[in-house]
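1. Sequence and predicted structure are below.
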2 protein chains.
Amino acid sequence: MKAVGLIVEYNPFHNGHRYHIAQAKKVTGADVVVAVMSGNFVQRGEPALLDKWTRAKLALEAGVDVVVELPVFYAVQPSHLFAEGAVRLLAALGIHDIVFGSENPDIDFISLAQQAPKVDSGQNFTNRNQTFASSYAQQLADTTGFELKEPNDILAFGYARAVLELQVDMRLWPIARQQAGYHDDDFGPDQVIASASSIRLALHKHKLEKIVPVVPENTLAAVQNNANTIDFEASFWQLLQYRLLTDTVGQLGQVYQMAEGLEHRLAATAAAKQGPQSYQSFIKSVKSKRYTFARIQRTLLYTLLNIKVDQMQAAMQDPYLRILGFTSQGQQYLNSIKREAALPIISRVDMSLAKANLRLDYKAGKVWQLLANQATEEQDVGHAPIQL
Amino acid sequence: MKAVGLIVEYNPFHNGHRYHIAQAKKVTGADVVVAVMSGNFVQRGEPALLDKWTRAKLALEAGVDVVVELPVFYAVQPSHLFAEGAVRLLAALGIHDIVFGSENPDIDFISLAQQAPKVDSGQNFTNRNQTFASSYAQQLADTTGFELKEPNDILAFGYARAVLELQVDMRLWPIARQQAGYHDDDFGPDQVIASASSIRLALHKHKLEKIVPVVPENTLAAVQNNANTIDFEASFWQLLQYRLLTDTVGQLGQVYQMAEGLEHRLAATAAAKQGPQSYQSFIKSVKSKRYTFARIQRTLLYTLLNIKVDQMQAAMQDPYLRILGFTSQGQQYLNSIKREAALPIISRVDMSLAKANLRLDYKAGKVWQLLANQATEEQDVGHAPIQL
């Protein structure tokens, strides 16, 4: 069996993802598709629209054979850490090919990464700050002439660097993105492929009919069934505000990625007499040139999840392969690699695991449920993988 | 000027409180009424129905001359600490008479307290646990033959003990409660006095018309204007659940009054797969014979407010007289005692005070606003006393 790896968020699953799966099989000749997917929170620090089980099921129904969760400590990270985590998991699953969309599919990202300036090795994983991306892009342009600015290219470059750093046998297959640009925030009625962000925007505007042409029927049904989990912002803001008002700045200062006294600004802004009335206006109030929007959002998510630096560092030492679902084909594949898998495979989570290695994902699941007003099932303890 | 002191919660202000004010003046011959009132959270660990400013205004309109806030570190406490805090503030305000309702107004509480067994002096204020009340009541019955079981008598006894302990020159005036028993949870259409708890119950059932005969018009108007702040339970439960799901048991274990591993039970119950769906069912799930209902509620409030043992101990070292409002008569009185007041008088709170001595009240105000969906004004910084 030949397997190909995908690195995905499926927030939500749309026709472009279907194309991605088909192309992945075609270009690599694989008969099994293994996707590493963000769990209940996505890379930009937002709650996923649908929980990880619903999204895993949609993926399996659309042709993926195995869905493995990218743990929250890898998923909610700047692109280079996100990429490194995902490549690590795919390599541990015996995958040797990754197919991904790219704005510049003709680029050999591995060779680009080989020519790229070295990252200061004195910085360890968790210390690299988020401005890494842009300062590094400048160095890269100076050295290689390639301007790394498109989001998918930045991820692709992250995969290549991870392959080199982890010294894994992994071939990277960039494919051209179809039709929709990553940043496009709208799409026309004649389009069959639209970006996930434009689909989310349509959903936030309650324009369900608009997404009909660009998503599979199953996605449509899932968002219809979970309509009340789409608007997280009000409950996110309520809980975040509560956290910022009740923890001391000393406690907030220990949160992962809380840097340069940001905790003081967050606490003061939340407590201000005429303070921001929404999450969006809050982010605008605390945003400065030092931080990207996504960086702020991720820090606020770590704050919401109350994940401290030491907890994050400990969790990142012990990654695992959490299986969310598989087809019978996928099951065969998992059986075939089980003995040589480089990381522990976890199919069932019991309470002791939820309190140990999986504690951050467990906590993230609980908070996701709270944000979604518990309209959803228990996310971890006792939840068996989906079998399709 | 002769002033009489009252110790109140006014949650909400009703006709019985009006009677109390009139009697207080009558029995003592005082011309000024000074009330020490719980702030935004009351003794049983619940948010007050109306914020402290609204309640202070109602009190002034009904004949009180000075309203002083009983800080949260005194107010949300078992009765003996509540009583001691209140007596300390009244004594510091130059008051020498306290009038209060009692189920046994013929009892001389000071003399009862003198005959009472000594409390183990090895236990300091914050270490005395909540079961103090019942175990002490047994000792008291053994020594004096008096059974301390009615809530107002328990408070009265607390006042007496505080007078002796603080060695203040204070006369206690128990007066008979009218008509309504403290625990009565209903009242008839012919009653003009009902208990505060039965009034709250009617409000929770949205039976506004029912309370018309038992409250002043101003109270009726205030609860009508603040209808959306009456039902705190859903938002209280949402935030508490969030806190219990995201803090470690180590962090929860540092909360004031969290004893005997209760934090483990709270965290496990909040995270349970088929966990409680409401605050009431949650309390029932964690309740045991060791703890009274009020004790659990207070501990959960400290948890919600994230008040740690060390913060509580520090705050209790530095009490103050926070003036919420006064009449012109009250202002004259305050001017007359200003120089001899035994504690600092605070009329205006700025940000530096809100971050120092008043930090617990400030935080409590912020959380109260959050629970009330910010339907209310800033509770502390820059808020001038009400002048009537």
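-> Cool, got the structure.
2. How is chain A partitioned into domains?
-> Domains of chain A are assigned by automatic domain parsing as A:3-229, A:233-312.
3. Confidence-wise, which of the ones you listed is weakest overall?
-> Lowest mean pLDDT within the domains of chain A: domain A:3-229, a mean of 89.
4. Where do the strands of the stretch 101-250 of chain A begin and end?
-> A:171-176 (DSSP state E, counting those that start in this stretch).
5. Show me which residues of it are close to chain B?
-> Residues of the stretch 101-250 of chain A lying close to chain B by Cβ under 8 Å from any Cβ of the partner chain are A:235, A:238-239, A:241-243, A:245-247. C-beta here means a position set from N, CA and C on the backbone, and glycine is covered the same way.
6. hmm, try it at 6 Å
-> By Cβ under 6 Å from any Cβ of the partner chain, the residues of the stretch 101-250 of chain A that approach chain B are A:239, A:242, A:245-246.
7. Leaving aside the residues adjacent along the chain, what's closest to residue A:319?
-> Once flanking residues are discounted, residue A:319 sits nearest to residue A:343: 5.7 Å by Cβ to Cβ, 6 or more residues apart in numbering or on different chains.
8. How about residue A:318, nearest residue that isn't a chain neighbour?
-> residue A:357 (5.2 Å).
9. burial count for the one you found?
-> Residue neighbour count, defined by other Cβ atoms under 10 Å in any protein chain shown, stands at 21 for residue A:357.
10. about what we covered before: and the residue nearest to residue A:319, what's its pLDDT?
-> On pLDDT, residue A:343 comes in at 97.
11. quick one, what contacts the residue of chain A most remote from its centre?
-> Most distant residue from the mean C-alpha position of chain A: residue A:273, 35.4 Å away (Cα atoms, centre = their mean). Applying Cβ atoms under 6 Å, 6 or more residues apart in numbering or on different chains, we find residue A:273 in contact with residue B:378.
12. Make sure it is indeed in a helix.
-> No: the assignment for residue A:273 (DSSP: H, G, I helix; E, B strand; the rest coil) gives coil, which keeps it out of a helix.
13. can you tell me the helix or strand for residue A:88?
-> Assigned by DSSP states H and E, residue A:88 belongs to helix A:79-92.
14. What are the buried residues along the longest helix seen in chain A?
-> Ordering each helix of chain A by length in residues (DSSP state H) puts helix A:151-166 first. Applying a neighbour-count criterion of 16 or more other Cβ atoms under 10 Å in any protein chain shown, one finds A:152-163 buried in helix A:151-166.
15. Ok, stretch A:51-62 next?
-> For stretch A:51-62, burial by neighbour count (16+ other Cβ under 10 Å) applies to A:51-62.
16. hmm, back to that, now do the SS call for the residue nearest to residue A:319.
-> At residue A:343, secondary structure determined by three-state DSSP is coil.
17. Quick check: it touching residue A:322?
-> No: the pair residue A:343 and residue A:322 fails to qualify as a contact (Cβ atoms under 6 Å) at a distance of 10.0 Å.
18. Chain B versus residue A:205, what's the distance?
-> Separation of residue A:205 from chain B (Cβ to the nearest Cβ, to the nearest Å): 24 Å.
19. burial of residue A:150, as a residue count?
-> Residue A:150: 16 neighbours (other Cβ under 10 Å).
20. Let me know whether it touches residue A:102 as I believe.
-> No: using Cβ under 6 Å, residue A:150 is not in contact with residue A:102, being 7.8 Å away.
21. now the helices for the stretch 51-200 of chain A?
-> Here the stretch 51-200 of chain A has its helices, by DSSP state H, counting those that start in this stretch, at A:52-61, A:72-75, A:79-92, A:109-115, A:132-144, A:151-166, A:196-204.
22. An error on my part: the question was meant for the stretch 201-350 of chain A.
-> When secondary structure is read from DSSP H, counting those that start in this stretch, the stretch 201-350 of chain A shows helices at A:217-225, A:233-246, A:249-252, A:262-271, A:279-286, A:293-305, A:309-317, A:328-337.
23. Please dump those helices into CSV; it should also carry mean neighbour count for every row.
-> Listed next are the helices of the stretch 201-350 of chain A as CSV, based on neighbours: other Cβ atoms under 10 Å in any protein chain shown:
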stretch, mean neighbour count
helix A:217-225, 16
helix A:233-246, 20
helix A:249-252, 15
helix A:262-271, 19
helix A:279-286, 16
helix A:293-305, 22
helix A:309-317, 16
helix A:328-337, 17
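24. how about these, which one is nearest residue A:39?
-> helix A:293-305 (11.9 Å; Cβ to Cβ).
25. which outside residues touch the closest one?
-> Taking Cβ under 6 Å, 6+ apart as the rule, helix A:293-305 contacts A:44-45, A:76, A:130, A:240, A:243, A:255-257, A:283, A:287, A:363-364, A:367.
26. again, only using 8 Å
-> A:41, A:43-46, A:72, A:76-78, A:130-131, A:236, A:239-240, A:243-244, A:252, A:255-258, A:262, A:266, A:283, A:286-287, A:291, A:312, A:360, A:363-364, A:367, B:246 (Cβ atoms under 8 Å, 6 or more residues apart in numbering or on different chains).
27. returning to what we had before: is it possible to get JSON lines of the buried residues of helix A:151-166 that adds distance to residue A:5?
-> Below are those laid out as JSON lines (distance: Cβ to Cβ, whole Å):
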{"residue": "A:152", "distance to residue A:5": "16"}
{"residue": "A:153", "distance to residue A:5": "19"}
{"residue": "A:154", "distance to residue A:5": "19"}
{"residue": "A:155", "distance to residue A:5": "14"}
{"residue": "A:156", "distance to residue A:5": "14"}
{"residue": "A:157", "distance to residue A:5": "17"}
{"residue": "A:158", "distance to residue A:5": "14"}
{"residue": "A:159", "distance to residue A:5": "10"}
{"residue": "A:160", "distance to residue A:5": "14"}
{"residue": "A:161", "distance to residue A:5": "16"}
{"residue": "A:162", "distance to residue A:5": "12"}
{"residue": "A:163", "distance to residue A:5": "12"}
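28. what's the span of stretch A:279-293, first residue to last?
-> From its first residue to its last, stretch A:279-293 covers 12 Å (Cα to Cα, to the nearest Å).
29. Next: stretch A:204-220.
-> Using Cα to Cα, the two ends of stretch A:204-220 sit 14 Å apart.
30. what distance separates it from the centre of its chain?
-> Centroid separation between stretch A:204-220 and its chain, computed with Cα atoms, centre = their mean, to the nearest Å, is 21 Å.
31. Likewise for stretch A:189-202?
-> That offset, for stretch A:189-202, works out to 19 Å (Cα atoms, centre = their mean).
32. Could you do stretch A:88-101 as well?
-> Stretch A:88-101 has its C-alpha centroid displaced from the chain centroid by 15 Å (Cα atoms, centre = their mean).
33. So which bits of it are buried?
-> Per 16+ other Cβ under 10 Å, stretch A:88-101 contains these buried residues: A:88-101.
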